[in-house]
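1. This is a predicted model, with the sequence first.
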Amino acid sequence: MTKRCLTVLGATGSIGLSTLDVVRRHPDRFSVHALTAGTRARELAELCREFSPAFAVMADVQAARHLADLLSDRPDIEVLSGEDGLASVAADAACDTVMAAIVGAAGLAPTLAAVRAGKRVLLANKEALVMSGQLFMDAVEKSGAELLPIDSEHNAIFQCVPADKVRNPAAAGITRILLTASGGPFRTLLAEELRSVTPAEACDHPNWSMGQKISVDSATLMNKGLELIEACWLFNTTPELVEVHVHPESIIHSMVEYADGSVLAQMGSPDMRTPIANGLAWPERIDAGVAPLDLFAIGRFHFERPDLERFPCLRLAAEAFAAGGTAPAVLNAANEVAVAAFLEGQLCFADIPVIIEKTLSAVAVMPADSFEIIFAKDAEAREYAQALLRSL
Ligand code: NAD
Ligand code: MG
């Protein structure tokens, strides 16, 4: 057993808290090097008192001052702030494992810092990979970082592929990846009903309890679009080989089809502590605190095709990936702006894809030759999407 020293980027979020819940069960296996959060100093302070990290980082400078006040009796915990603080605890030689669980584009720079430092990187922050695809995977290869997928679908696929063929599934005889989707809370609504759904309804996912942004993404199917792109980069494959299957029970987390007709599935209760524990302990297995699967209680599995008419975000993601270059970064940025506006009550649910589609057609695609270009396109797309919102 290797004892691992962990930095949790996004410790106060849904994935961060689930990670710390697994860590809490195995004090002999894990120690905590650093915990980070965006703005919630009080919540981070409480976690710091329990896990005693060497560093605590707030992205927001004001919040970092507040955190330092709250931890003034804990000189053993050094408080840092901003992007530099995040990058430094992600790359620090004292830690070997980084949970990348910041939401959205804000996670790219610190996740990349962990990758460049050659860490075991547990990737929950799919937006980072969607934005920078090839450059991100090149950085992984160059540093020798160990990239392990935490997104439940990708972790499921990872578990169904031979360990030495993760980047070359065809060589293992894999003919198709069956990416499952819950369909979200609005799966059965009519197109006109989608115009009046509220943020509270969008965040009330039938199977998973998650942060607000990914909950909305799950309701629009943008989450599956981002995951389609994520799967192509992680498993070095093409969208033609990835088929989305809506499976409302969320028990099969994804499947892999082999040339001989075998289909391997990974199943489990919909609880992120399973993929998190899988990544933390890999290649070993540890208790994650997850209830055993009761298939008698579930009874039946259902499968249907995604409806791209009612949920155009999945189509938009596939188109952005096909366009290549900076298009996925633009897709992601426009989606972040639109989702935030929806959550604030400024945009109707059905107009989320409208903002994204218009932004994608207005912001010119460029070759994604550097992270600077990616960040510049991200900013340009945000500005364009914001202007669109104001014009509505
Ligand atoms: P969340 O909103 O619950 O938590 C986000 C975390 O990021 C918080 O700790 C927050 O403080 C921090 N953060 C937010 N903005 C920041 C900023 N600008 N700078 C630094 N830190 C910032 O989100 P979540 O649901 O835990 O999701 C995190 C990531 O994991 C997302 O990329 C999501 O797509 C992915 N993911 C989540 C789930 C899930 O079940 N929640 C499943 C699969 C993948
Ligand atoms: Mg997922």
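-> Happy to help now that I have it. Numbering: from 1, shown residues only. Ligands and ions are numbered 1, 2, ... in the order given.

2. hey, let's count contacts and neighbours off CA atoms from now on
-> Noted.

3. The stretch 151-300 of the chain against ligand 2: which residues are in contact?
-> Within the stretch 151-300 of the chain, the positions near ligand 2 by C-alpha under 5 Å from the ion are 151-152.

4. Which stretches in the stretch 151-300 of the chain count as helices?
-> Taking DSSP state H, counting those that start in this stretch, the helices of the stretch 151-300 of the chain run over residues 152-160, 199-202, 212-220, 222-234, 273-281, 295-298.

5. If you drop the residues flanking it in sequence, what lies closest to Ser182?
-> Spatial nearest neighbour of Ser182, chain neighbours left out: Pro248 (4.3 Å); criterion: C-alpha to C-alpha, 6 or more residues apart in numbering.

6. quick one: which of the helices of the stretch 151-300 of the chain is nearest ligand 1?
-> Closest to ligand 1 of those, according to C-alpha to the nearest ligand atom: helix 212-220, at 5.1 Å.

7. Present the helices of the stretch 151-300 of the chain as a markdown table; the columns should include distance to Thr12.
-> What follows is the helices of the stretch 151-300 of the chain, written out as a markdown table (distance: least, C-alpha to C-alpha, whole Å):
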| stretch | distance to Thr12 |
| --- | --- |
| helix 152-160 | 19 |
| helix 199-202 | 20 |
| helix 212-220 | 13 |
| helix 222-234 | 21 |
| helix 273-281 | 15 |
| helix 295-298 | 31 |
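
8. In a markdown table, list the ones you listed along with distance to ligand 1.
-> Listed next are the helices of the stretch 151-300 of the chain as a markdown table, based on distance: least, C-alpha to the nearest ligand atom, whole Å:
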| stretch | distance to ligand 1 |
| --- | --- |
| helix 152-160 | 6 |
| helix 199-202 | 14 |
| helix 212-220 | 5 |
| helix 222-234 | 7 |
| helix 273-281 | 9 |
| helix 295-298 | 21 |
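
9. sorry, back to before: per-residue pLDDT, the residue nearest to Ser182?
-> Model confidence at Pro248, expressed as pLDDT, equals 98.

10. Please apply the same query to Trp208.
-> Per-residue pLDDT puts Trp208 at 82.

11. Contact partners for it?
-> Neighbouring residues of Trp208 by C-alpha atoms under 8 Å, 6 or more residues apart in numbering: 270-271.

12. sorry, back to before: adding mean pLDDT, distance to Ser370 and mean neighbour count, write the helices of the stretch 151-300 of the chain out as JSON lines.
-> JSON lines is the format used below for those (pLDDT from 0 to 100; distance: least, C-alpha to C-alpha, whole Å; neighbours: other C-alpha atoms under 10 Å):
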{"stretch": "helix 152-160", "mean pLDDT": "98", "distance to Ser370": "26", "mean neighbour count": "23"}
{"stretch": "helix 199-202", "mean pLDDT": "96", "distance to Ser370": "35", "mean neighbour count": "17"}
{"stretch": "helix 212-220", "mean pLDDT": "97", "distance to Ser370": "27", "mean neighbour count": "23"}
{"stretch": "helix 222-234", "mean pLDDT": "98", "distance to Ser370": "17", "mean neighbour count": "24"}
{"stretch": "helix 273-281", "mean pLDDT": "98", "distance to Ser370": "29", "mean neighbour count": "24"}
{"stretch": "helix 295-298", "mean pLDDT": "97", "distance to Ser370": "47", "mean neighbour count": "9"}
